[in-house]
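In: Predicted structure and sequence below. I'll ask about it afterward.
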Amino acid sequence: MNEADIADIETWLDVQGLSGASEMDLINGFCARCLAAGIKLERASAFVDTLHPIYEGRAFPWRRDGEVEKPIIEYGSSQQGESADNWQNSTFYHLLQVGEDEMRLRLHEHEEPRFRHLSSLKSEGCTDYLAFMNRFSSEGSIGEMDCFYSQWSTAHPEGFSDHEISVLRRLVRGLGLAIKCASLTRIVKTLADVYLGRDAAKRVLAGRINRGSAERIEAVLWYSDLRDYTRISEAAAPDAIIPMLNDYAEAVISSVQEAGGDVLKLIGDGILAIFTEGDSSAAATAALRAQMHLRKRLVALNQARETDGAPATDVYLGVHIGEVFYGNIGSDTRLDFTVVGPAVNEVSRIASMCRSVDQDVLLSDHFAAALPAELRAKLVSVGRFALRGVGRAQELFTIDPVILEKYRAAGRAEQATSR
């Protein structure tokens, strides 16, 4: 490989990094160009940690024969279980322990390689192995994402030449920078989705970040909270409260998202969500579908919690439809992308009425009117009420108890089948 070949690959990395190429495309394109320029690669993998509520990081494997089982591997915590064992028996863990940045092992010179993952490389005919760690400074790190890891192997009988090692050492820095750019973009999107909700995240990342930037929309509003939460939280052990909130939030959020809604805010045990897809009828139908998913999930969740001896409860739900302002509210340095307006106050008041009328679900008359006729026929009136802080009295509806019981029965049947 001559200087011109190296410069071509460096230029390609610059262009791909600036254009936002994915990590998978970067590793595949990089290895293909190294092969074409004369570096005798057989296997390669790139690793970078991330900031994600489930995954610790992602790996991107490459094989010269193209037979990669998974082009992207998302791995969990390296602090426990099998993942911890694999990590602590890796070349990268060893490099961190000894404070070095690279390692070379001639596989054909070892009867049994020291690190278990190298045994499979040797059995597949690889003769030489390189590992590089390109560390980020503290200012360039986010969470556990503080290093770019890569490993390279060849099946050439003589292994890597000194020149090939030197070239890889030089080029891998540019590859690491390009993959870091792609991973940072992914982290930003993940954090926005997790903390803002999918629709709000999309709007913010599209540039809607100015204070007061809001639009008037009609939306179906969902507000739910937990039945008897105050009593349960006072009686339960302190370390049982967060798991309980997480369990019920998972049931509500999964149900809303499965039906196409967006969760905007978690307020203690309360959850505010909106449905905006399609016209009013479609959005209202989606909210009713989310309620159906929720009732099924609650059956399974409560059975599991009761089996474990943990407190179980139910979810009160208020649903309304109305005009709201959707956008940025706050100061120049701390904004919240949310909905505001009288309809938001109204839906919270409707949800709070569930306790007074002993119903799990209450729906406003505006919401009921937006439903298709066949769904509206499944509702029953619970009476006309004056809501605190709301200027007009209105009729509230709930789902026919017979139909609600069918939802719960379906949940029990699914739970029994899954055992």
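Out: Perfect, I can see it now.
In: This protein: strands as residue ranges?
Out: Secondary structure of the chain (DSSP state E): strands at 43-49, 57-63, 73-75, 102-106, 128-135, 147-154, 214-226, 262-267, 270-275, 315-330, 335-340, 361-364, 379-386, 393-399.
In: Now the shortest one: buried residues?
Out: When you say that, I think you mean strand 73-75. The neighbour-count criterion (16 or more other C-beta atoms under 10 Å) identifies Tyr75 as the buried residues of strand 73-75. For every residue, glycine as well, the C-beta is placed using N, CA and C.
In: got it, and the fourth one?
Out: By neighbour count with 16+ other C-beta under 10 Å, strand 102-106 contains the buried residues 102-103, 105.
In: Partner strands of that strand, with direction?
Out: Strand 102-106 sits in its sheet next to strand 128-135 (antiparallel), going by DSSP bridges.
In: how much space between Arg211 and Asp25?
Out: 37 Å (C-beta to C-beta, to the nearest Å).
In: what residue ranges in this protein score low on pLDDT?
Out: Scanning the chain for pLDDT under 70 picks out 407, 411, 414-419.
In: Show me it divided up by domain.
Out: Segmentation of the chain into domains, based on automatic domain parsing, reads 3-194, 197-418.
In: Let me see the contact set for Ala251.
Out: 294, 297-298, 301, 315 (C-beta atoms under 8 Å, 6 or more residues apart in numbering).
In: Let me know the closest of these to Glu234.
Out: The closest of those to Glu234 turns out to be Val315 (C-beta to C-beta; 19.1 Å).
In: Chain neighbours aside, what residue packs nearest to that closest one?
Out: Excluding its sequence neighbours, the residue lying closest to Val315 (C-beta to C-beta, 6 or more residues apart in numbering) is Ser224, at 5.2 Å.
In: Next, find the distance separating that neighbour from Asp247.
Out: Note on Ser224: its distance to Asp247, by C-beta to C-beta, is 14 Å.
In: Which one's more surrounded, those two?
Out: Shown here are Ser224 and Asp247; by other C-beta atoms under 10 Å, Ser224 has more neighbours (28 against 17).
In: what is the more buried one paired to in the beta sheet?
Out: Here Ser224, judged by DSSP bridges, has bridge partners Ile271, Leu317.
In: got the contact list for it?
Out: Counted by C-beta under 8 Å, 6+ apart, Ser224 has contacts 252, 270-271, 315-318, 351.
In: what do you get if the cut-off is 6 Å, keeping everything else the same?
Out: By C-beta atoms under 6 Å, 6 or more residues apart in numbering, the residues touching Ser224 are 252, 271, 315, 317.
In: Top of the contacts of Ala251 by number of neighbours, please.
Out: Among these, Leu294 has the most neighbours (other C-beta under 10 Å), with 27 neighbours.
In: What's the separation between the nearest residue to Arg388 once chain neighbours are set aside and Gln394?
Out: With sequence-adjacent residues excluded and distances taken as C-beta to C-beta, 6+ apart, Arg388 is closest to Arg349, at 5.9 Å. Per C-beta to C-beta, Arg349 is found 10 Å from Gln394.
In: Tell me which of those two has more neighbours.
Out: Ranked by neighbour count (other C-beta under 10 Å), Arg349 and Gln394 place Arg349 first, with 20 against 16.
In: So for stretch 198-212, what gets flagged as buried?
Out: 198-201, 203-204, 208.
In: these two touch, right, Asn328 and Leu335?
Out: Yes: taking C-beta atoms under 6 Å as the definition, Asn328 is a contact partner of Leu335 at 4.7 Å.
In: Can you measure across stretch 130-144, start residue to end residue?
Out: Counting by C-alpha to C-alpha, to the nearest Å, you get 23 Å between the two ends of stretch 130-144.
In: distance between it and the chain's centre?
Out: 23 Å (C-alpha atoms, centre = their mean, to the nearest Å).
In: Show me where this protein has its helices.
Out: 3-19, 23-36, 81-88, 91-98, 116-123, 162-196, 198-205, 229-235, 238-258, 280-307, 342-357, 365-370, 373-376, 401-418 (DSSP state H).
In: To Met133, which of these lies closest?
Out: helix 91-98 (5.4 Å).
In: Contacts for the closest one next, please.
Out: With C-beta under 6 Å, 6+ apart, helix 91-98 has contacts from 87, 103, 115, 131, 133, 149.
In: which two of those lie the greatest distance from each other?
Out: Pairwise over those, using C-beta to C-beta, the maximum falls at Trp87 and Met103, 15.5 Å.
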